[in-house]
Each structure stands twice: as C-alpha cells, then as structure tokens.
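Peer 1: model this:
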Amino acid sequence: MDKAYRLASRLRDSEYPHYRDTYGWTRYLRGEYNEALTYIEPVLETLPLNAWVHYHLGKVYLALERPKDAQKHLQNAVDLSKEEEAFPPTEEIQTILQQLKDS
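Peer 2: Take a look at the predicted model:
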C-alpha cells in the first residue's frame, strides 16, 4: 500500500483526472478521508459518467458519515456500471445500499 501511495502521490497534480482519482483513492485507503475527498470530489466534474469515480466518492462519503451523499454516489456507480461487462464492487455496493436503506 505504501508503494502504491508513493507512486500515486506523483500524480496528485496531474492534468489527467483519472490519476487524481487514483491518488485520492490511495488517501482513502490510508484512512485519510478528508484528504481523499479534496482530490476525488473535483474529479467528478470532469468525469461525471465514470462509475469508479462515483464508487470512490461514495465510499469516502460513507467513511465521513455522510450517508445520503454516499447512497447517491454508490447508486450512481451501479447505474453507470450497467454499461460495463463487469464492475467488481457491484456486490459490495448492493450490500452497502441495503444497509443504508435499513438504517
């Protein structure tokens, strides 16, 4: 994880939004949720139809205890991923969405 973080940190100011999302995700994985938000949230403006960005943002919002925002973006991730053949976190997202609905 540390190696991935070091590699991704070189990309945090990249002109490519996918790289900034990746950097933000490494911050999330390190438990640095507010920092992750500052990198992932702006990427959504550039990549509004990217299921992975919505997934990452939803997970960050969940960690920051913002369930309504988390639910919105996780649902968007599922909806947008229907165009893809396989979206690995679909089952995890469905579980989270059900938990949010039940709470």
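Peer 1: now for whichever strand or helix holds N76, which elements pack on it?
Peer 2: If you go by DSSP states H and E, N76 is part of helix 67-81. Secondary-structure packing of helix 67-81 (3 or more CB pairs under 8 Å, 6 or more residues apart in numbering; DSSP states H and E): helix 51-63, helix 90-102. (Each C-beta comes from the backbone N, C-alpha and C, glycine too.)
Peer 1: Now do it: distance to the chain's middle.
Peer 2: Helix 67-81 sits 10 Å away from the centroid of its parent chain (CA atoms, centre = their mean, to the nearest Å).
Peer 1: How about the secondary structure of F87?
Peer 2: Classification of F87 by DSSP: H, G, I helix; E, B strand; the rest coil places it in coil.
Peer 1: can you pull the contacts of the nearest residue to it once chain neighbours are set aside?
Peer 2: In this structure, F87 finds its nearest non-sequential neighbour in S81, 3.5 Å apart by CB to CB, 6 or more residues apart in numbering. For S81, the contacting residues are 51, 87, 90, taking CB atoms under 8 Å, 6 or more residues apart in numbering as the criterion.
Peer 1: can we see that at 10 Å?
Peer 2: Contacts for S81 (CB atoms under 10 Å, 6 or more residues apart in numbering) come out as 50-52, 54-55, 87-90, 93.
Peer 1: now swap in P42 and tell me
Peer 2: Contacts of P42 by CB under 10 Å, 6+ apart are 17, 20-21, 24.
Peer 1: Okay, and it sits in which element?
Peer 2: Short version, using DSSP H and E: P42 is in helix 33-46.
Peer 1: Since that was my last question, I'll sign off now.
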